[in-house]
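Engineer: I would like the atomic coordinates for the input below:
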Amino acid sequence: MSALIEIENLSVTFRQRGREVRAVRDVSFSVAARESFGLVGESGSGKSTILRAICGMAPVSGGSIRIGGAPAATGRAFAARVQMVFQDPYSSLHPRRTVDATLAEPLAIHGRGDRDARVLAALGDVGLDASFRFRYPHQLSGGQRQRVAIARALMLEPEILLLDEPTSALDASVQAEALNLLSRLRVERGLTFLMVSHDLAVIDHMCDAVAVMRDGAVVERLDRATLADGGAQEPYTRQLLAASAYAAPV
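Structural biologist: Below you'll find the model as predicted:
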């Protein structure tokens, strides 16, 4: 399979209190079409910064990002192809917008018609019925909010979902439901996932391959079989395995 996402020698540098901080250092990896690829590491390892760099939300200081063989660029065409699901469903939805308004907004921006049918179909895809359409975020549980956030990301029928710890703010039982939902949608829609997590058990359940990050750099790459067999070579990766208690959530 050809690479849909190509990250080559990517560096991201911030200025903080008068000094430069290299949040990402010369990272390279590729993700094939319809593959699910994970980035795992402790907080501050640079994994979420990579997702933000892909979306133009972090300053790239070196290297390249290519989507489908072309340099990544923000704008409507990019948004129609690449969408992001954020970590916290409590802050990623506008508190004064109904679910209907939230889901319809991308359609209005991109001039997509058939609003009612698309909104209802999106709700159905994530396991919510029509009764949720005119509710506000405070009227939803955490798991329901994250389902709405996933539905919003799918409204433009993208090829790629960037998943930034999409279940870490949820209870364990709800987390399993959300992960199973994402897995189902990936198969049904032929999606490509780039998923960030601090939990190797989640990555093992969701991803075909993983890059382990520490201090802004990739220290090890593993495929699913090697990860499941506990075949990590780097001491840091073995520490993460132990910290995750390595029990899959579902």
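
Engineer: Helix, strand, or coil at Thr49?
Structural biologist: The local conformation at Thr49, judged by DSSP: H, G, I helix; E, B strand; the rest coil, is helix.

Engineer: Read off the pLDDT value for the nearest residue to it once chain neighbours are set aside.
Structural biologist: Closest residue to Thr49 apart from its sequence neighbours, by C-beta to C-beta, 6 or more residues apart in numbering: Ala23 at 4.6 Å. C-beta here means a position set from N, CA and C on the backbone, and glycine is covered the same way. Turning to Ala23, the model gives it a pLDDT of 95.

Engineer: how about the helices in the chain?
Structural biologist: 47-54, 76-81, 99-109, 115-125, 142-154, 172-189, 200-206, 224-228, 235-243 (DSSP state H).

Engineer: Which among the ones you listed is found nearest to Tyr136?
Structural biologist: Closest to Tyr136 of the helices of the chain, according to C-beta to C-beta: helix 99-109, at 7.8 Å.

Engineer: What helices and strands are in contact with the closest one?
Structural biologist: helix 115-125, helix 142-154 (3 or more C-beta pairs under 8 Å, 6 or more residues apart in numbering; DSSP states H and E).

Engineer: Can you give me the buried ones in the shortest one?
Structural biologist: Taking 16 or more other C-beta atoms under 10 Å as the neighbour-count basis, helix 115-125 is seen to contain the buried residues Arg118, Val119, Leu120, Ala122, Leu123, Asp125.

Engineer: Name all residues that make contact with the residue lying closest to Ala151 once chain neighbours are set aside.
Structural biologist: Computed as C-beta to C-beta, 6+ apart, the closest residue to Ala151 that is not its neighbour in sequence is Ala122, at 4.2 Å. For Ala122, the contacting residues are Leu103, Ala151, Arg152, Leu154, Met155, by C-beta atoms under 8 Å, 6 or more residues apart in numbering.

Engineer: Out of these, which comes closest to Val174?
Structural biologist: Distance to Val174 across those (C-beta to C-beta) is lowest for Ala151, with 15.9 Å.

Engineer: Got the confidence number for the closest one?
Structural biologist: 96.

Engineer: Is it correct that it is in contact with Val126?
Structural biologist: Yes: contact criterion C-beta atoms under 8 Å: Ala151 and Val126 qualify, at 4.6 Å.
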